[in-house]
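Colleague: Here is my input, please return the structure:
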Amino acid sequence: MRGGPAAAFVVAGVLGGIGAGVLGMGALLPGAPTDPVASGATDGPGGDGVGQEVAAPEATAGAAADGTAGTEGATDVRSEGTASRSVRDPQLGLDGPGALPLPLERVVEEGSGLVGREVVPDLGGALVIVPAEVPAPGAGTVKRVRVEVEQGLPVDGETFAAAVLATLNDPRGWSAVDGVTFARTGGDADIRVVLASPATTDRLCAPLKTIGEYSCGTTGAAILNFSRWVNGATDFGQDLPLYRQYLVNHEVGHVLGHRHVSCPAPGALAPVMVQQSMSTEGCLPNGWPTL
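Modeller: Alright, predicted model coming up:
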């Protein structure tokens with residue numbers, strides 16, 4: 001068959017349609033470039049319940065001349081990873097291996113704030129303030145408490161801070177003994193409660209000897225060893241919630257001016273200022289200032 005100009009136009013039209021179809025399909029194929037779209041990012045700080053980062057303080061706190069400093073077990077003192085899972089590909093309509101995994105929601109342990117139990121010996125010492133302004137309950141001399149958590153610890157800062165203040169303001173606590181009540185602040189404070197890795201605890205407690213195992217209470221600060229917060233103490237027994245209450249009350253007790261004491265009698269309830277992380281000395285474990 002002979003083709004003239006009309007046939008040429010028909011062939012050109014068919015080829016043009018095929019080309020347009022290929023280009024159109026290319027725009028629909030996965031991985032084709034698209035215009036950037038705003039993702040809702042912000043330029044503010046974020047995190048998992050802790051606030052602004054502050055520089056690690058110098059470890060200047062030592063045993064005070066008036067004996068108010070102390071450390072639990074110190075010498076010469078009185079004192080998860082994210083699990084992968086497939087997601088449905090909206091274009092293919094199936095669970096595709098190339099889809100990005102979504103992080104699983106972390107689980108925060110009530111009463112401790114723990115989201116993991118790995119104890120890293122040294123996390124470098126960068127401390128993060130847990131911001132809040134919570135007034136003190138009840139009557140008494142108000143003590144402002146600032147809670148800080150070392151960056152990198154597997155702990156939810158807000159849950160930990162709430163546990164600390166709940167312990168301090170419990171009717172069995174120092175309020176009944178010293179006539180004090182505790183407010184929470186993210187600013188200037190009378191008492192800092194710091195949760196830190198073992199090596200950072202040693203630096204902040206120096207010259208007190210905490211040897212990576214113990215905590216301390218010194219001028220203006222109660223330094224809690226994360227290893228103890230996770231594991232407790234052998235002689236104290238298996239009651240971890242009670243041990244954590246003891247740890248807070250004991251170290252804050254030093255900040256308030258209380259010294260170490262001994263077990264009064266075998267089988268008696270241990271006064272909270274007994275060094276129960278080392279030994280209950282024959283007493284029964286106790287986490288509260290009031291007996």
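Colleague: check contacts around residue 251.
Modeller: 72, 193, 215, 216, 217, 222, 223, 224 (CB atoms under 8 Å, 6 or more residues apart in numbering). Where C-beta positions appear, they are placed from N, C-alpha and C, glycine not excepted.
Colleague: ok, now residue 194?
Modeller: Residue 194 is in contact with 127, 147, 148, 149, 150, 204, 221, 222, 223, 224, counting by CB under 8 Å, 6+ apart.
Colleague: The same query, at a cut-off of 6 Å, please.
Modeller: Residues near residue 194 by CB atoms under 6 Å, 6 or more residues apart in numbering: 148, 223.
Colleague: Mind checking which of the contacts of residue 251 are buried?
Modeller: Buried by 16 or more other CB atoms under 10 Å: 72, 193, 215, 216, 217, 222, 223, 224, out of the contacts of residue 251.
Colleague: what about residue 227, helix or strand, and which?
Modeller: For residue 227, the element it lies in under DSSP states H and E is helix 226-231.
Colleague: Residues contacting stretch 225-239, please?
Modeller: Around stretch 225-239, the neighbours that count as contacts under CB under 6 Å, 6+ apart are 117, 119, 153, 195, 197-198, 201, 215, 240, 243, 276-277, 279-280, 285.
Colleague: Turn the buried ones among the contacts of residue 251 into a markdown table, columns for pLDDT.
Modeller: Formatted as a markdown table, the buried ones among the contacts of residue 251 follow (pLDDT from 0 to 100):
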| residue | pLDDT |
| --- | --- |
| 72 | 55 |
| 193 | 99 |
| 215 | 99 |
| 216 | 99 |
| 217 | 98 |
| 222 | 99 |
| 223 | 99 |
| 224 | 99 |
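Colleague: out of those, which one sits closest to residue 259?
Modeller: residue 217 (10.5 Å; CB to CB).
Colleague: Make sure the closest one is indeed in a strand.
Modeller: Yes - under DSSP: H, G, I helix; E, B strand; the rest coil, residue 217 falls within a strand.
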